[in-house]
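**Student:** give me a model of this one.
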Amino acid sequence: MAEWHEFRLWRNINPNQDDVFAFKQEHILPILEKYDIEDFLMLDEPKFVLVRIDTNGKSAKQIYSDLEKTIQTEPLFSKVTVESWSPINDARDRILAARERARLPIEIPQGGWMVKGKKPDGEWVVMPEDLEKQAAAFSIFMSKVAGRFTKAYLKEMPYRVEDRWLMSVFVHLLLDSISTCQPEENEIRDFPYI
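**Tutor:** Presented below is the predicted three-dimensional model:
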């Protein structure tokens, strides 16, 4: 039975992001393809590159071994660690933590919450939302959607794009491709990451 594993490739140095991008293209992506990994999440964290993979225990051990061998040839990373991970628990925890950081109005009951939009005066409209419904959507995005985008981006892009304007166009195209209208997109871009 498959389960989620969280691999952390700990940074040895403060690498150039172009080198990290190339490492993902040349080393991590081929390992994922070798084991037919479709569902994964890859994130750049300050101290490590995080690769969350849905696979069985035997494949997880083989992937760990391959990652260990790979970092021995690259000065970017010092070690690989692995632990279990739950997309649904992570999603729920992130939603609740963001709620705390957002300091929502007292009339919003504990649990799930959502930002519906903006009033004409610029104030955000916040309302209750079913926590489990939110956590399920967030979990699906992390475990099924984001990795497929990452895989396509790493396979097809010839280099890491640094141009902030071009990246903003990519974000626009992604939002537009999932039926986000222009006023919603503008509000999404305005909302601070918390």
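
**Student:** just give the closest residue to Tyr35, not the sequence neighbours.
**Tutor:** What sits nearest to Tyr35 in space, not counting adjacent residues and going by Cβ to Cβ, 6 or more residues apart in numbering, is Ser59, at 5.1 Å. (Glycine included, C-beta is placed from N, CA and C.)

**Student:** hmm, I typed the wrong one, I wanted Pro75.
**Tutor:** The spatial neighbour of Pro75 that comes closest, neighbours along the chain excluded (Cβ to Cβ, 6+ apart), is Asn12 at 6.0 Å.

**Student:** Provide a list of residues in contact with the one you found.
**Tutor:** Under the criterion of Cβ atoms under 8 Å, 6 or more residues apart in numbering, the contact partners of Asn12 comprise 75-78.

**Student:** next: His5.
**Tutor:** With contact set as Cβ under 8 Å, 6+ apart, His5 has these partners: 52-53, 55, 60, 63, 82-85.

**Student:** burial measure for Leu104, as a count.
**Tutor:** The number of residues packed near Leu104 is 18, by other Cβ atoms under 10 Å.

**Student:** could you check how far Glu38 is from Gly147?
**Tutor:** Glu38 sits at a distance of 7 Å from Gly147 (criterion: Cβ to Cβ, to the nearest Å).

**Student:** can you get me a residue count around the closest residue in space to Phe170 that isn't next to it in sequence?
**Tutor:** Leaving out its chain neighbours, the residue that sits closest to Phe170 by Cβ to Cβ, 6+ apart is Val161, at 7.5 Å. By other Cβ under 10 Å, the residues close to Val161 number 13.

**Student:** same check on Phe21?
**Tutor:** Residues within reach of Phe21, counting by other Cβ under 10 Å, total 19.

**Student:** same check, this time on Gln134
**Tutor:** Other residues lying near Gln134 total 19 when counted by other Cβ under 10 Å.

**Student:** next: the one 3 residues further on.
**Tutor:** The burial metric for Ala137, expressed as a neighbour count using other Cβ under 10 Å, is 13.

**Student:** quick one: it is in a helix?
**Tutor:** Yes. Using DSSP: H, G, I helix; E, B strand; the rest coil, the assignment for Ala137 is a helix.

**Student:** who's in contact with it?
**Tutor:** Contact criterion Cβ under 8 Å, 6+ apart gives no residues in contact with Ala137.

**Student:** quick revisit: mark which of the contacts of Asn12 are buried, thanks.
**Tutor:** Among these, the ones that count as buried by 16 or more other Cβ atoms under 10 Å are 76-77.

**Student:** so which of the contacts of Asn12 are in strands?
**Tutor:** Cross-referencing the contacts of Asn12 against strands under DSSP state E gives 77-78.
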